[in-house]
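S.K.: Output the structure for:
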Amino acid sequence: QVQLVESGGGLVQAGGSLRLSCAASRRTISLYAMGWFRQSPGKEREFVAAISWNGDNLYYTDSVKGRFTISRDNAKNTVYLQMNSLKPDDTAVYYCAADPRLGAPRTAVHDYAYWGQGTQVTVST
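M.R.: Residues are numbered from 1 along each chain as shown. Below you'll find the predicted structure:
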């Protein structure tokens, strides 16, 4: 079992930045693809970004390209999401997730086996 704990959320004004962190309980996630998802009230959970186990492959949803950057530090069992130029539409609970299967990072919720409890990001106008 892998436990994931997100941190770094908060309240920020539009145009501001936040960096989310996702710490894992086991070193084995260094072999897993990792993803960030978000969910707003009344909406389904949606893909934001994903990174391969070695960081060579990165994927982003179109709405965050050029503003968000996913990265990882396998020595620290931690994945990050740097969020710049934040917009009110980015307001959501952000979740990190781990996919233990081999292959390229995936973008669907059902592809990920392990999930954190989420961290709230609120962007004000």
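
S.K.: Spell out the residue ranges of the helices in the protein.
M.R.: Under the criterion DSSP state H, the chain carries no helices.

S.K.: In the protein, where is pLDDT below threshold?
M.R.: Applying pLDDT under 70 to the chain flags no residue at all.

S.K.: Which residue lies nearest the spatial centre of it?
M.R.: The chain has Trp36 as the residue nearest its centroid, 2.2 Å off, counting by Cα atoms, centre = their mean.

S.K.: In contact with the closest residue to that one other than its chain neighbours, which residues?
M.R.: Leaving aside its sequence neighbours, Trp36 sits nearest to Val48 (Cβ to Cβ, 6 or more residues apart in numbering; 4.4 Å). C-beta here means a position set from N, CA and C on the backbone, and glycine is covered the same way. Val48 makes contact with Gly35, Trp36, Phe37, Arg38, Tyr60, Thr61, Val64, Phe68, Leu81, Tyr94 under the criterion Cβ atoms under 8 Å, 6 or more residues apart in numbering.

S.K.: Who are the contact partners of the fifth one?
M.R.: Going back to what we said before, that points to Tyr60. Counting by Cβ under 8 Å, 6+ apart, Tyr60 has contacts Val48, Ala49, Phe68, Ile70.
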